[in-house]
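Chemist: prediction below, plus the sequence it came from.
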Amino acid sequence: MPASDPANQRIEHRLAGADANPYLVTAWLLAGIHHGLDRKREPPPVTTGNAYEQPGEPLPLQWGAAIERFAASEFAQDRFGAKFTHLYAVVKRGELEEFNSHITPLEVARYLGPL
């Protein structure tokens with residue numbers, strides 16, 4: 001929630017990319033909100049400065065690491081079910097494998113260009 005006067009307060013979510021499924025992002029956010037309300041957790045203090053330089057565990061930078069963190073998440077299994085969590089991870093691993101099986105124009109230019 002950006003710091004602002006009461007009339008302009010709102011929730012913002014800026015982590016999901018344009019490639020994210022908006023329905024799953026919304027479900028994930030609502031599950032997180034429900035989790036916090038259900039356990040009567042207080043929100044963390046206001047973040048000042050560069051949010052990327054704040055303490056705490058950073059988000060994964062690699063697609064494979066994100067998939068594995070999701071697959072191992074007790075929170076995901078609790079909120080979405082073990083079957084969904086497993087199946088979604090399997091699908092995403094397959095997508096990553098397919099993605100990694102293609103040679104990109106950058107790789108062609110970098111490694112075959114000098115030939």
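Modeler: Noted; the coordinates are in hand.
Chemist: going forward, measure contacts between C-alpha atoms and count neighbours the same way
Modeler: OK.
Chemist: need the longest helix for the chain.
Modeler: Counting by DSSP state H, the longest helix found in the chain is helix 82-100.
Chemist: which of the residues in it are buried?
Modeler: Residues of helix 82-100 classed as buried: A82, T85, A89, K92, R93 (neighbour count, 16 or more other C-alpha atoms under 10 Å).
Chemist: looking at those residues, which is nearest V25?
Modeler: Among these, T85 lies closest to V25 (C-alpha to C-alpha), at 14.1 Å.
Chemist: what about this protein, any weak spots by pLDDT?
Modeler: Of all residues in the chain, those with pLDDT under 70 make up the ranges 1.
Chemist: in it, which spans are strands?
Modeler: Here the chain has no strands by DSSP state E.
Chemist: that one: helices as residue ranges?
Modeler: Using DSSP H, helices in the chain cover 22-38, 63-71, 74-80, 82-100, 105-107.
Chemist: ok so, going back, the longest helix of the chain vs helix 63-71, what angle?
Modeler: 180 degrees (axes from the mean of the first three to the mean of the last three C-alpha atoms, to 10 degrees).
Chemist: can you list the residues that contact helix 82-100?
Modeler: W63, G64, I67, E68, F70, A71, A76, Q77 (C-alpha atoms under 8 Å, 6 or more residues apart in numbering).
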